[in-house]
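>>> I would like the atomic coordinates for the input below:
(one chain, ligands or ions: 1)
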Amino acid sequence: MSTEVLHREHRHFAPDATWVAQANVSGHAAYLALVREAERDPEEFWGRLARTYLVWKTPFQTVLNDRNPPFYRWFEEGTLNASHLCLDVPIERGMGEKTALIFESDDGTVTTLTYHALHERVCRFANALKSLGIGKGDRVIIYIAMSIEGIVAMQACARIGAIHSVVFGGFSAKSLQERILDTGARLIITADGQKRGGKIIQLKAIVDEALSMGAGMVEKVIVYARTGENIPWDSARDLWMKPLEESQSPLCIPTWVEAEHPLFILYTSGSTGKPKGVQHATAGYLLWSILTMTWVFDHHPEDVYWCTADIGWITGHTYVNYGPLAVGATQVIYEGIPSWPHAGRFWSMISRHRVSVFYTAPTAIRSLIKASNLDPEIHPQRFDLSSLRLLGTVGEPINPEAWMWYYQQVGNSRCPIADTFWQTETGGHVIAPLPGATTLVPGSCTLPLPGIDAAVVDETGQEVPPGHGGSLVIRRPWPAMLRNLWGNPERFQKTYFPSELKGYYLAGDGAVKDPTTGYFTITGRIDDVLNVSGHRLGTMEVESALATHPMVAEAAVVGKPDDITGEAIVAFVVLKQQRPAGAEAQQLASTLRQWVTREIGPIARPRDIRFGDNLPKTRSGKIMRRLLRSLACGEPMTQDISTLENPTILDQLRETL
Ligand code: 6R9
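Okay, here's the model as predicted:
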């Protein structure tokens, strides 16, 4: 089977001299020095960093215990506390009066909190949890929207050694209940509701519904009064957050935990079966949060940092809660959605809060491109974005066209873009450019971070030649890697360290390394790589080709089985104009087919093109590809669409031309 990657990107952007001069990792040689240090003696390297960047109560003796792979243990004898690192340490370093959080609500109300004030709230709430008998090792479910209270809840759990599991507010009662039972949680922290796009969405009612299906070990539900609406109340079980917190002392000595103590469990979907409870360890995870904030986001004390992810996802754990606080950052958190009250909200917030580092998802960028084409008033160029110095993306491959728009229209061709590849399982970025060191290439997440031994391999774990597609693995353990799947060590071992891959960590993504630069390009989940007539094609490649057509706003491509070619390509396309019908649609489909043929080659020519007003996406903005595959094949849909943001477009996408 041929595996050459057909489409290559030739644009590149080297960091400019002023950027290099001020960067935490200054110049490519500085990056290479770190890479070499890690290669020479990985344990020395990680040991040095863990002593430099973490603050230990008791020092560790062993850097890595690898006696029982893949159950690696890092910094074993050490003790520390995550909330101590995120709050007490910045205060000890003189940042008590620095703003930690700038919270902007859906309706635009702004609340700011200093490190001192956040510390006090976390201590009171941690004491409140203790007063309910919650302690080290107990599991706590957090089902709440973006809020100061969500961060207080996570930090308070960490402070007393309780293990939090945040469930994204868009999940259904059934999904919530599965997670309640799987974690064996004793407590739930929620809100009466949340405000998104001018609407009120119930949260407590969903908790009630989940618990009515079987509460497992849950004893209490703490409720943050966000909306003030009347909600059903069980006075034996439910407690309001504010009075509970306010009755407590503002002092709470952190519970020192072992380095390997689980910090949190976060559920993520696999290609099969029920969601997996990814378990992270305290020290290694925090070390990597701090290092990637420093290296990739080039954190400087004067930055105003904004990551738009919700705390219900890993990005909101590492790059909203733990990472920014542990480096003493000032950060913006936002309750609402990018399109409310207009699709210029992000740009207006960047401008008002003087944001310098901005991190969002490609899907958000693409939807804002579309919106600003329709309404020039909300185009980023209409806003003062001069405070920006660095941009980032995460969540899916970014197509070069969206990358260029982000670079030129948002960053004014002066802000580097960190396209950060990573996963719930990796804890933090693993392949990403360092803005003062790495030459950028649109659509490539560039090079592995120091200490990350990433490679592209075949089915037997052999590295494939550069320029050929393969499976992305990480060959050596690293401190922020997941430690287990909660309560399911067999699945952990089988899913991530399959025996045929020599014990390597299997990411589940396809990748290709550029023959000249060694840069990585992620071609999408392995199950999203198409095989057409013996040629491997990334869905992303075809999507990028479609997206370069001036009429296309967004496209998703899936394979459907075909007797002759193995798979045929089906493209779901959103145009920048009204959804076409009849002869016009036929005509446009044929134009797009020719376009892709020209961009990549006849092999990539879509068999079937369907037009919709949008694509089916989860609330985190990921395109639901398996659902598209069912639509492409005309199969009945068996998927759970409870997390789908926009179910009505499914009917449009069912229509063949
Ligand atoms: C952080 C996060 C992980 C999956 C991952 C990959 C995709 C994330 C990417 C990217 C290409 C990037 N992904 N970042 N693909 N380029 N910069 O999103 O975690 O929700 O677990 O998703 O997302 O397919 O395997 P998670």
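>>> Now for residue 554: which residues touch it?
When contacts are counted by Cβ atoms under 8 Å, 6 or more residues apart in numbering, residue 554 touches 363, 366, 367, 370, 547, 573, 574, 615. From N, CA and C alone the C-beta is placed, and that goes for glycine too.
>>> okay but the third one is in contact with residue 346, surely?
What that stands for is residue 367. No: if you go by Cβ atoms under 8 Å, residue 367 and residue 346 don't touch, sitting 10.6 Å apart.
>>> Comparing the two, which residue is more hemmed in?
residue 346 (25 against 21; other Cβ atoms under 10 Å).
>>> That one belongs to a helix, doesn't it?
Yes: applying DSSP: H, G, I helix; E, B strand; the rest coil, one finds residue 346 inside a helix.
>>> distance of it from residue 540?
For residue 346, the distance to residue 540 equals 24 Å [Cβ to Cβ, to the nearest Å].
>>> near the ligand, which residues of this structure?
Residues of the chain found near the ligand (Cβ under 6 Å from any ligand atom) are 268, 313-315, 394-397, 419-424, 445, 507-509, 522, 525.
>>> element containing residue 470?
Element membership for residue 470, per DSSP states H and E: strand 469-474.
>>> Packing partners of that strand?
Using 3 or more Cβ pairs under 8 Å, 6 or more residues apart in numbering; DSSP states H and E, the elements in contact with strand 469-474 are strand 454-457, strand 505-513, strand 520-525.
>>> By mean pLDDT, flag the weakest helix or strand of the chain.
The helix or strand of the chain with the poorest confidence is strand 535-538; it has a mean of 62 (mean pLDDT, DSSP states H and E).
>>> Looking at the stretch 101-250 of the chain, which residue is nearest the ligand?
residue 168 (10.5 Å; Cβ to the nearest ligand atom).
>>> In three-state terms, label the closest residue in space to that residue that isn't next to it in sequence for me.
Spatial nearest neighbour of residue 168, excluding adjacent residues (Cβ to Cβ, 6 or more residues apart in numbering): residue 312 at 2.8 Å. Here residue 312 is recorded as coil under three-state DSSP.
>>> Buried residues of stretch 491-501, list them for me.
Within stretch 491-501, the residues that count as buried by 16 or more other Cβ atoms under 10 Å are 491, 492, 493, 495, 496, 497, 501.
>>> Give me the subset of those residues that lies in helices.
Those of those mapping onto helices are 491, 492, 493, 495, 496, per DSSP state H.
>>> What pLDDT is listed against the fourth one?
I take that to be residue 495. Predicted confidence (pLDDT) for residue 495: 89.
>>> My guess is it contacts residue 485. True?
Yes: with contact defined as Cβ under 8 Å, residue 495 counts as touching residue 485 (7.5 Å).
>>> Common neighbours of these two, please.
By Cβ under 8 Å, 6+ apart, the residues touching both residue 495 and residue 485 are residue 276.
>>> coming back round to it: what touches both of residue 367 and residue 346?
Common contacts of residue 367 and residue 346, defined by Cβ under 8 Å, 6+ apart, comprise residue 338.
>>> Okay, buried residues for the host helix or strand of residue 242 please.
Per DSSP H and E: residue 242 is located in helix 241-246. Using 16+ other Cβ under 10 Å as the test for burial, helix 241-246 gives 241, 244, 245.
>>> and if you look at stretch 137-150?
Within stretch 137-150, the residues that count as buried by 16+ other Cβ under 10 Å are 138-150.
>>> I'd like the residues you listed as JSON lines, with secondary structure, distance to residue 656 and pLDDT appended.
Formatted as JSON lines, the buried residues of stretch 137-150 follow (DSSP: H, G, I helix; E, B strand; the rest coil; distance: Cβ to Cβ, whole Å; pLDDT from 0 to 100):
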{"residue": "138", "secondary structure": "coil", "distance to residue 656": "53", "pLDDT": "98"}
{"residue": "139", "secondary structure": "strand", "distance to residue 656": "47", "pLDDT": "98"}
{"residue": "140", "secondary structure": "strand", "distance to residue 656": "48", "pLDDT": "98"}
{"residue": "141", "secondary structure": "strand", "distance to residue 656": "43", "pLDDT": "98"}
{"residue": "142", "secondary structure": "strand", "distance to residue 656": "43", "pLDDT": "98"}
{"residue": "143", "secondary structure": "strand", "distance to residue 656": "40", "pLDDT": "97"}
{"residue": "144", "secondary structure": "coil", "distance to residue 656": "42", "pLDDT": "97"}
{"residue": "145", "secondary structure": "coil", "distance to residue 656": "39", "pLDDT": "94"}
{"residue": "146", "secondary structure": "coil", "distance to residue 656": "40", "pLDDT": "97"}
{"residue": "147", "secondary structure": "coil", "distance to residue 656": "44", "pLDDT": "98"}
{"residue": "148", "secondary structure": "helix", "distance to residue 656": "49", "pLDDT": "98"}
{"residue": "149", "secondary structure": "helix", "distance to residue 656": "48", "pLDDT": "98"}
{"residue": "150", "secondary structure": "helix", "distance to residue 656": "44", "pLDDT": "98"}
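>>> Now render those as CSV, adding distance to residue 621.
Output for these, formatted as CSV (distance: Cβ to Cβ, whole Å):
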residue, distance to residue 621
138, 32
139, 28
140, 26
141, 23
142, 21
143, 19
144, 19
145, 16
146, 14
147, 20
148, 23
149, 23
150, 19
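>>> just for the protein, where's the confidence low?
The model of the chain has pLDDT under 70 over residues 1-8, 269-274, 527-529, 531, 533-537, 564-566.
>>> Please enumerate the helices of the stretch 1-150 of the chain.
Assigned by DSSP state H, counting those that start in this stretch, the helices in the stretch 1-150 of the chain fall at 17-22, 28-40, 42-53, 82-83, 89-90, 115-131, 148-159.
>>> so how far is residue 589 from the residue lying farthest from the centre of the chain?
The centre of the chain is farthest from one residue, residue 583, which by Cα atoms, centre = their mean lies 40.8 Å away. Distance from residue 583 to residue 589, counting by Cβ to Cβ: 11 Å.
>>> coming back round to it: dump the ones in helices among the buried residues of stretch 491-501 into TSV; add distance to residue 441 as well.
Shown next, in TSV, are these (distance: Cβ to Cβ, whole Å):
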residue	distance to residue 441
491	36
492	34
493	36
495	31
496	29
